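J.: give the three-dimensional model of this entry:
(2 chains)
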There are 2 protein chains.
Amino acid sequence: MRVIRTVSEMQVARHSLAEPVGLVPTMGYLHDGHISLVKQSKKDNVSTVVVSIFVNPTQFGPHEDFEKYPRDEECDLAMLEKARVDVAFLPVPHEMYPSGFNTWIEIKGITEKLEGAARPGHFEGVATVCNKLFNIIQPDKAYFGQKDAQQVMVIQKMVFNLNMNLEIVVVPTLREGDGLAMSSRNYYLNPDERKAATVLYRALLKAKEVRQEGEHNAEIIRKSMSAIIQSEPLAKIDYVSIADTVSLHELEQIDSKALVSLAVRIGKTRLIDNIVLS
Amino acid sequence: MRVIRTVSEMQVARHSLAEPVGLVPTMGYLHDGHISLVKQSKKDNVSTVVVSIFVNPTQFGPHEDFEKYPRDEECDLAMLEKARVDVAFLPVPHEMYPSGFNTWIEIKGITEKLEGAARPGHFEGVATVCNKLFNIIQPDKAYFGQKDAQQVMVIQKMVFNLNMNLEIVVVPTLREGDGLAMSSRNYYLNPDERKAATVLYRALLKAKEVRQEGEHNAEIIRKSMSAIIQSEPLAKIDYVSIADTVSLHELEQIDSKALVSLAVRIGKTRLIDNIVLS
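T.: Alright, predicted model coming up:
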């Protein structure tokens, strides 16, 4: 596996990569969820798999966890090696954001809801860094996890609106045995919090169950989810949403597909998860 | 010459274009200034020259001249044919901005000055449409005229900041015999206005002359330019600027290079021009 740390070396290397190229953009501290994205790219028969590891400062708010976001480069590289990744791209921040950087990708509409409302500027940072990674690495396909459902929608919107020349592949959320969605932020949790964190998936399953029993009223389903989260003393609701899968407008009535998503604080750790009801 | 009117046809055609590809983005109503960009691309030995013609609605303000901007497709295509252009790309607005479009390239800093201050949102529209054209056509080089000096800076900033994979080539301003910079908007001028319009270049030459006489004080030079423009009854100053060539901050003192630029209304027509003092 080749390890590349500068934009210019990556740009030169790109010319000699076997095509098609698959890209898995990550912030590192890798877990099986990330590896499932690599595995999907292998299934898709891309000839070169590139994984980027970059804790992107511009997608963190001023009071968020950029500084303490977990990092373990040695372990990450070992996991990528084992997963038969071809290129690991690990730029430092000033490689991606040199002095005087001031160009941003702004996607309106869907970025104003949910995570975008809770984390102002987050998706501008996400879209900008992905735009740059796509331009530097020029992948044929890029892989994202369904766990960050709104992020997927934002990236798809950017690619479509800006006519970027790649396909976005969405990979199902990987879960622990007890249903907790895999996330690097799970490592913040102490044992009690870790147990409490299953409340997110339990709330999502409750929504599915209530819907399957024939309930169409979205507010009733939201309330049944909230009740479950409120029954967990360590959990604090940030939002519980049942939204249109295209506009992300909150639904009153579930008639066809709906994105059921939530953000919950477990102690100091903010976790998100989602399922799609169809 | 192949004429292409849809994004999807352009994307398919791109695969079979001989490389390197040169792009000349225009808003049509072509004049010799545009043709000088085509000629430069020929000199650079690009194998395929693509000219896009698209009056981009998103770079016009609500009270600007989008509707009445001059258009003459038949004449444009004849000029391109004569200049041995390989591909003319003429999308309609809904091809470039389909329903639900809401992704924008925002460049901060330099877009807040001069044309950006006078025309809010202008450069967001320019950067976004160029970003799309670059992604659709994937040129190795794209050609812009020095006449729109700030536009060139904005595009160069976008390409550098977003790691876009092309070179921006800047071509000197082409002028009429009396010095008026070529521009599609010159066609708005009646004969009296056309004569008055030479005041822009005369003011620029005055700046050059005063500087060459040893004057370093930028405000004195600005005043000498303003005096010339004010002596022309049909002319009304929008701005007269002597600015740093990187930041576009107004200079007090000219020590090295400076961008001397101005925007002047001649009757209802707003014209711009510039020179670089070194």
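J.: what's the neighbour count on the residue nearest to A:Pro93 when sequence neighbours are not counted?
T.: Taking C-beta to C-beta, 6 or more residues apart in numbering or on different chains, and ignoring the residues beside it in sequence, A:Pro93 has A:Pro57 as its nearest neighbour in space, at 5.6 Å. C-beta coordinates here come from the backbone N, C-alpha and C atoms, glycine included. Other residues within reach of A:Pro57, judged by other C-beta atoms under 10 Å in any protein chain shown, total 14.
J.: what are the ranges of the strands in the stretch 151-278 of chain A?
T.: Counting by DSSP state E, counting those that start in this stretch, the stretch 151-278 of chain A has strands at residues A:167-171, A:235-243, A:258-266, A:269-277.
J.: what's the most buried one of those strands?
T.: Most buried of the strands of the stretch 151-278 of chain A by mean neighbour count (mean count of other C-beta atoms under 10 Å in any protein chain shown) is strand A:258-266; its value is a mean of 23.
J.: packing partners for it?
T.: In this structure, strand A:258-266 packs against helix A:114-118, helix A:149-161, helix A:199-212, helix A:218-230, strand A:235-243, strand A:269-277, with contacts taken as 3 or more C-beta pairs under 8 Å, 6 or more residues apart in numbering or on different chains; DSSP states H and E.
J.: chain B is nearest to which of these?
T.: Distance to chain B, taken as C-beta to the nearest C-beta, is lowest for helix A:149-161 among the helices and strands packed on strand A:258-266, at 3.6 Å.
J.: so that closest one versus strand A:235-243, what angle?
T.: Interaxial angle of helix A:149-161 relative to strand A:235-243 (axes from the mean of the first three to the mean of the last three C-alpha atoms, to 10 degrees): 40 degrees.
J.: would helix A:149-161 count as contacting chain B?
T.: Yes: legend: contact between helix A:149-161 and chain B by C-beta under 8 Å from any C-beta of the partner chain is shown at A:157-158, A:161.
J.: would you show me how to pick out the buried ones of those in PyMOL?
T.: Per 16 or more other C-beta atoms under 10 Å in any protein chain shown, the buried members of the residues of helix A:149-161 next to chain B correspond to this PyMOL selection:
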select buried, chain A and resi 157+158+161
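J.: which of the residues of helix A:149-161 next to chain B lies closest to A:Pro62?
T.: For A:Pro62, the closest of the residues of helix A:149-161 next to chain B turns out to be A:Met158, at 24.0 Å, with distances computed as C-beta to C-beta.
J.: could you list the alpha-carbon positions for the helix or strand hosting A:Asn135 in PDB?
T.: Under the assignment given by DSSP states H and E, the secondary-structure element containing A:Asn135 is helix A:122-137. The C-alpha coordinates for helix A:122-137 follow below in PDB (Å, rounded to 0.1, in the frame of the first residue of the first chain):
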ATOM      1  CA  HIS A 122     -20.900  21.600   8.900                       C
ATOM      2  CA  PHE A 123     -22.000  20.700   5.400                       C
ATOM      3  CA  GLU A 124     -20.200  23.600   3.800                       C
ATOM      4  CA  GLY A 125     -17.000  22.000   5.200                       C
ATOM      5  CA  VAL A 126     -18.100  18.500   4.200                       C
ATOM      6  CA  ALA A 127     -19.000  19.500   0.600                       C
ATOM      7  CA  THR A 128     -15.800  21.600   0.200                       C
ATOM      8  CA  VAL A 129     -13.500  18.900   1.400                       C
ATOM      9  CA  CYS A 130     -15.200  16.200  -0.700                       C
ATOM     10  CA  ASN A 131     -15.200  18.500  -3.800                       C
ATOM     11  CA  LYS A 132     -11.400  18.900  -3.300                       C
ATOM     12  CA  LEU A 133     -10.800  15.200  -2.700                       C
ATOM     13  CA  PHE A 134     -12.800  14.300  -5.900                       C
ATOM     14  CA  ASN A 135     -10.800  16.800  -7.900                       C
ATOM     15  CA  ILE A 136      -7.500  15.600  -6.500                       C
ATOM     16  CA  ILE A 137      -8.100  11.900  -6.700                       C
END
